[in-house]
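*Asks:* mind folding the following:
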Amino acid sequence: MILYHTSYIEIPHPDLQHSRPRLDFGIGFYLTSLRAQAERYGERFIRRGQKAIMNIYQFDNTNVDCTRKVFSAYDGEWLDFITACRKGLPHEQFDIVIFLLYLCTRNVFPMKREEWPPPRRV
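*Replies:* Okay, here's the model as predicted:
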């Protein structure tokens with residue numbers, strides 16, 4: 001599976017040391033499987049006058065020994081989990097949380113990076 005993470009810097013090896021607490025799905029490295037979503041996120045950096053770097057990763061979930069939580073709908077369980085994470089309350093911990101974004105804490109392998117938007121050719 002190909003996953004994207006857009007930042008103002010290249011991130012060859014994701015880590016959790018730079019993650020902020022009290023995010024939607026807790027501390028983690030947030031990725032998306034939607035390239036267009038990663039491109040739109042990169043526009044935030046461009047508006048601030050920074051480069052947008054789209055980090056592209058290969059995620060192999062076939063032989064991953066980790067705990068997962070999959071939210072398939074905006075429901076009470078999803079809302080309770082996000083509320084607990086945002087407030088810093090105790091909640092069940094997972095290695096991977098899947099909704100529309102992917103929160104991965106391990107088994108993410110860098111493939112390449114792209115500057116976004118791509119340099120224009122003249």
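*Asks:* got the contact list for Ile2?
*Replies:* Ser33, Ile56, Tyr57, Gln58, Phe59, Met111 (Cβ atoms under 8 Å, 6 or more residues apart in numbering). All C-beta atoms are positioned from the backbone trio N, CA, C, and that covers glycine.
*Asks:* again, 7 Å this time
*Replies:* Going by Cβ atoms under 7 Å, 6 or more residues apart in numbering, Ile2 touches Ser33, Ile56, Gln58.
*Asks:* can you tell me the average pLDDT over the helix or strand hosting the last one?
*Replies:* Assessed by DSSP states H and E, Gln58 sits inside strand 52-59. For strand 52-59, mean pLDDT is 88.
*Asks:* which of the contacts of Ile2 are buried? Put it as a PyMOL command.
*Replies:* Buried residues within those, by 16 or more other Cβ atoms under 10 Å, are selected in PyMOL with:
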select buried, resi 56
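*Asks:* and Glu39, its phi and psi?
*Replies:* phi -60, psi -40 (degrees, to the nearest 10).
*Asks:* now, which of the contacts of Ile2 sits nearest Glu10?
*Replies:* Among the contacts of Ile2, Ile56 lies closest to Glu10 (Cβ to Cβ), at 10.8 Å.
*Asks:* ok, what's across the strand from the closest one?
*Replies:* Beta-bridge pairing for Ile56 (DSSP bridges): Tyr4, Lys112.
*Asks:* what of Thr32?
*Replies:* Residues in beta-bridge contact with Thr32 (DSSP bridges): Tyr4, Leu101.
*Asks:* how near is the residue lying closest to Met1 once chain neighbours are set aside to Leu31?
*Replies:* What sits nearest to Met1 in space, not counting adjacent residues and going by Cβ to Cβ, 6 or more residues apart in numbering, is Phe59, at 4.7 Å. Counting by Cβ to Cβ, to the nearest Å, the separation of Phe59 from Leu31 is 8 Å.
*Asks:* who has more neighbours, these two?
*Replies:* The neighbour comparison of Phe59 against Leu31 (other Cβ atoms under 10 Å) goes to Leu31, with 24 against 18.
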